[in-house]
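below are the sequence and a predicted model for it; my questions follow.
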Amino acid sequence: MSMFGFLQGRTARTAPKAANTGVCAALDVGSSKIACFIAKTDPTISGPRPRVVGVGHQSSRGMQSGAVVDMEAATTSIRAAIEQAERMAGQAVNSVSVTLSAGQPTSTRLAAEIDLAQREVTDRDLRSLLNGALAQFDVADRVVLHAIPLAWTVDEHRGVRDPRGMFGRKLGVDVHVITAAKGPLRNLMTCVERCHLDLRSVVATPYASGLSALGDDEIKLGVTLIDMGAGATTASVFAEGALQHIDAIPVGGIHVTSDIARGMSAPLAAAERLKTLYGSALDSPDDDQQMIEVPAVSSGGSAVYESVPRSLLNSIVRPRLEETFELIRDRLEAAGVGRAAGRRLVLTGGASQLPGTTELASRVFGKQVRLAGPTGVTGLGDAVSGPAFSAVAGVVRRETRGAAEAISGPPVLSGVRAQSMAPSDKTEINGGTMWRWLAESF
């Protein structure tokens, strides 16, 4: 029986068992692109392995910093990406799992303890203990996305993986709860609904990226993952085999492009091209000698170009990236998770591919840094195997392997259709937020 198998009796739905259904769809809704993967499960000796059979990605419209700002435009972009993936897969989907980076995702630690009176730990004790811990969460206008048990204790002995069957006086648990603001989540769920799809689950972007970009040893020994998107940068800390902390700042690759456009008086499209072709986070000895052509902003007529040294471009790029890393570093230090993160740092996300980014991150954090793309899935072409697709690939891996959480599935908000939810999936907290106990394993 799985670690949380005792909770499945409370639900009529077993969404995390994607390996049994054979097909899953993952959707990453970002500020610059919307990507959809449709995957099937290939059974192997070591367990189910997802194979991507359909890919769709579109330029994002109606999104800003990971949040919906134009419902109609966002819905159209989402529908186009999903339809493209369906055509490639030759199969339609009726449900999808979505990433979420907006809504100020926040980590909260909860702890609870119950008396055992020297008797055996049962499933009922675990359920009672987790309910007691989660009942402590009471924050208005926020929704729980994930609740991940970090450590069980029996008579204050830590490191217990499965306490069932053990004897003791007290049983305790520490739970990592990830929450997001209701508003951005409601808007995203409504866009998915307008595409006539059921929402299978909502996965915090830094969590999804970690499931794809990190190795098992890194997750056990301690690592910091920074996902550099177009409109937001998220960070997650993994240690002892579990997600320990997440954070996010509304700064990403788009802000680097905007800085270039302002600093060099160039159109946004030209600034993005200059960043991609010539931008670097580090200085080079020949930057002053290498000249690049910069088109000037004009209202019409013939285009006017100006030759400027590459050093000018990099003097704009580097400070913005350095500031982004320093903000993340300071926030992680303030959260007290630096020690758990160890000395490894992994970068992923589309904005992490700029030359010199890994070296700059190593200087700011004082850690060993590597650049990572999606792993653990097969069938990815060259165009969708880069760091920009780590989050959507991570959702596929999570759906295939089963959610290692006590709480997962789609948050149910008033006014948003959730036909796939069963009444037994609901336990009221926060005056309306719903919880589902849908986890497959710990």
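Nice, thanks for sending it over.

poorly predicted segments of the stretch 301-442 of the chain, please.
Residues of the stretch 301-442 of the chain meeting the criterion pLDDT under 70: 301-303, 402-442.

now with 80, please.
Within the stretch 301-442 of the chain, the stretches with pLDDT under 80 are 301-303, 338-340, 401-442.

Ile328 belongs to a strand, doesn't it?
No. Counting by DSSP: H, G, I helix; E, B strand; the rest coil, Ile328 is not found in a strand; it is helix.

give me the pLDDT value at the residue nearest to it when sequence neighbours are not counted.
Leaving aside its sequence neighbours, Ile328 sits nearest to Ala235 (C-beta to C-beta, 6 or more residues apart in numbering; 4.9 Å). (Glycine included, C-beta is placed from N, CA and C.) Among the per-residue scores, Ala235 holds a pLDDT of 94.

where does Ala235 fall, helix, sheet strand or coil?
strand.

which SS state does the closest residue in space to Ala67 that isn't next to it in sequence fall under?
Excluding the flanking residues, the one nearest Ala67 by C-beta to C-beta, 6+ apart is Ala102, at 3.6 Å. Using three-state DSSP, the structure places Ala102 in coil.

right, and Ala102 touches Pro184 too?
Yes. Using C-beta atoms under 8 Å, Ala102 is in contact with Pro184, at 4.0 Å.

which residues do those two both contact?
Gly66, Ala67, Val68 (C-beta atoms under 8 Å, 6 or more residues apart in numbering).

helices along the stretch 151-300 of the chain, start to end?
182-194, 205-213, 216-221, 253-264, 268-278 (DSSP state H, counting those that start in this stretch).

now, of those helices, which is deepest in the fold?
A comparison of the helices of the stretch 151-300 of the chain by mean neighbour count, using mean count of other C-beta atoms under 10 Å, puts helix 205-213 on top with a mean of 29.

would you mind measuring from Thr76 to Gly62?
8 Å (C-beta to C-beta, to the nearest Å).

thought Asp174 was touching Leu129?
No. Assessed by C-beta under 8 Å, Asp174 is found out of contact with Leu129, at 10.8 Å.

out of the two, which sits in the more crowded spot?
Shown here are Asp174 and Leu129; by other C-beta atoms under 10 Å, Leu129 has more neighbours (22 against 16).

what's near enough to touch the more buried one?
Leu129 touches Ala112, Glu113, Ile114, Leu171, Gly172, Val173, counting by C-beta under 8 Å, 6+ apart.

give the rounded mean pLDDT of the host helix or strand of it.
For Leu129, the host element (DSSP states H and E) is helix 123-134. Averaged across helix 123-134, pLDDT comes to 80.

quick check: buried residues in that helix?
Asp125, Leu126, Arg127, Leu129, Leu130, Ala133, Leu134 (16 or more other C-beta atoms under 10 Å).

turn those residues into TSV, including distance to Glu326.
Below are the buried residues of helix 123-134 laid out as TSV (distance: C-beta to C-beta, whole Å):
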residue	distance to Glu326
Asp125	45
Leu126	42
Arg127	43
Leu129	40
Leu130	37
Ala133	34
Leu134	35
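
which one of those sits closest to Val29?
The closest of the buried residues of helix 123-134 to Val29 turns out to be Leu134 (C-beta to C-beta; 27.4 Å).

how close does that closest one sit to Thr233?
Plainly put, Leu134 is 29 Å away from Thr233 if you go by C-beta to C-beta.

Val384 and Glu323, how far apart?
30 Å.

which one's more surrounded, these two?
More neighbours surround Val384 than the other of Val384 and Glu323, with 19 against 14 (other C-beta under 10 Å).

and the more buried one, what is it in contact with?
Counted by C-beta under 8 Å, 6+ apart, Val384 has contacts Ala35, Phe37, Val52, Val55, His57.

output those residues as CSV; include the columns neighbour count, pLDDT and secondary structure.
Output for these, formatted as CSV (neighbours: other C-beta atoms under 10 Å; pLDDT from 0 to 100; DSSP: H, G, I helix; E, B strand; the rest coil):
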residue, neighbour count, pLDDT, secondary structure
Ala35, 24, 94, strand
Phe37, 31, 95, strand
Val52, 25, 93, strand
Val55, 22, 95, strand
His57, 22, 91, strand
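
now do the buried residues in stretch 68-84.
Val68, Ala74, Thr75, Thr76, Ser77, Ile78, Arg79, Ala80, Ala81, Ile82, Gln84.

those in helices, which ones?
Ala74, Thr75, Thr76, Ser77, Ile78, Arg79, Ala80, Ala81, Ile82, Gln84 (DSSP state H).
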